[in-house]
Every structure is written in C-alpha cells, then in structure tokens.
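Peer 1: With the sequence up front, the predicted model follows.
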Amino acid sequence: MFALIALAVSLGSPIPAAGWVTALDGTRHRPLVEEKGKTLALVFITHDCPICNAYAPELRRIADSYAKKGASVELVYAEPNLTLAEAKSHAKAYSYTGLKTFLDPTAILAKASGVTVTPEAAVYGANGSLLYRGRIDDQYVAFGKQRARVTSHDLRIALDAALRHHPLAHPRTEAVGCFIPLTRS
C-alpha cells in the first residue's frame, strides 16, 4: 500500500488539500479540488518571461477553444514577489482577462503538479489524476532558439486525449522557459 502511495506522489498526482491560491479578483481557490470532474489544464507562467509572453495569444486560443469542449484552461503566475496589481496589469496587457488566473507565490500548485519552468502545463483528467506535464508545443528548442514552424501541439494533444479518456503516447515533454525559483531543490 505504501509503495502505491509513493508511486502516486512521484507521478505528480494532486494532493487534495493542497493548492490554495488567490485569483486575480482576490478570492481564494483550490483549482485541483474545485475542477475535479472536469478536464483541467494549469498553465504556469511568469510576467517577465519572454517565452511566456510570446505564448500569450496561443494560450488564449487554447483556453477559448477547449472551454467550448468542456475543459478548463487556467493560468497560474508562479512567482514569489508578483503583486496582485502587477498580475492584473499583466493579464490585461496580454489579453488574459476572462480566464481563471491565479497567484501561486509559494509554488504550492507548481510543486503539486511537478512543473519547474514557465511556461509549462499540467493536464488533469476528470478523476483528478495528472495525465500530462510539459510544453505547450515544440516551438522552442532551447531558450532563445525556436523552430520556424511548430510540428507538435503537445498541450492540445493532451487536452484532446483527456477529453476522450485516451492514454497519451507522451505524457511528459520537456518545457523550455524560465525556472520557477521555489520548485528547485
């Protein structure tokens, strides 16, 4: 029994009591608990990461597209010193208003999801299990180095599989971006 619990924790399964974060309207939420029963993608971002900011239009498209299909795509600012006012300003500047967006200053959601860089996504199935962790797509090969054309839309693939209750061929991909300081051991 202990081995099964250890395995579940090592795979990044959500911790039901974990995850209190503050939404941009100032209310407190637990996305891993509140969205149980629904496919959920948490996309971890930082306001000053150039890769995160470059992905803003695509993240908005993904969120809008998958909301129509019954999945929730929520943004998490994974940075310790970002104020609520700064997050609101950034969300407005990058057209994130209207999306569920949270501050995670202690990286509790980032740690529960196993993410270490931004932008990085964690997709949870309707049963609350972590199904995918990794990049949005394969546009960035390394920091400052990107492909001319995206060849794999990993987050979209993961969301489609989760909505259809299908296993993923690649449940982990390597995200390229800015490190989340509080997740480094």
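Peer 2: Ah, there it is. Since we're looking at a predicted model, the values are computed, not measured. Numbers count the residues shown, from 1 in each chain.

Peer 1: All the helices of the chain, residue numbers only.
Peer 2: With DSSP state H, the ranges of helices along the chain come out as 2-10, 31-34, 50-67, 84-93, 108-113, 154-164.

Peer 1: what's the closest of those to residue 177?
Peer 2: Nearest to residue 177, of all the helices of the chain, is helix 50-67, at 4.5 Å by C-beta to C-beta. For glycine as for every other residue, the C-beta is placed from the backbone atoms N, C-alpha and C.

Peer 1: Give me the contact list for that closest one.
Peer 2: 39, 41, 43, 45-47, 72-73, 75, 94-96, 99, 118-119, 136-137, 140, 143, 155-156, 159, 163, 176-178 (C-beta atoms under 8 Å, 6 or more residues apart in numbering).

Peer 1: what's the angle from it to helix 84-93?
Peer 2: When axes from the mean of the first three to the mean of the last three C-alpha atoms, to 10 degrees is applied, the directions of helix 50-67 and helix 84-93 differ by 70 degrees.

Peer 1: what's near enough to touch the most centrally placed residue in the chain?
Peer 2: In the chain, the centroid-proximal residue (C-alpha atoms, centre = their mean) is residue 43; its distance is 2.1 Å. Counting by C-beta under 8 Å, 6+ apart, residue 43 touches 59, 73, 74, 75, 76, 119, 120, 121, 136, 155.

Peer 1: Tell me how far residue 55 lies from residue 144.
Peer 2: Distance, residue 55 to residue 144, by C-beta to C-beta, to the nearest Å: 15 Å.

Peer 1: The two: which is more packed in?
Peer 2: residue 55 (24 against 9; other C-beta atoms under 10 Å).

Peer 1: Is residue 122 bridged to anything, and to what?
Peer 2: residue 42, residue 133 (DSSP bridges).

Peer 1: number of nearby residues for it?
Peer 2: Neighbour count for residue 122, taken as other C-beta under 10 Å: 26.

Peer 1: ok so, going back, please work out which of the helices of the chain is packed deepest.
Peer 2: Highest mean neighbour count of the helices of the chain: helix 108-113, a mean of 23 (counted as mean count of other C-beta atoms under 10 Å).

Peer 1: Please consider this matter closed, and thank you.
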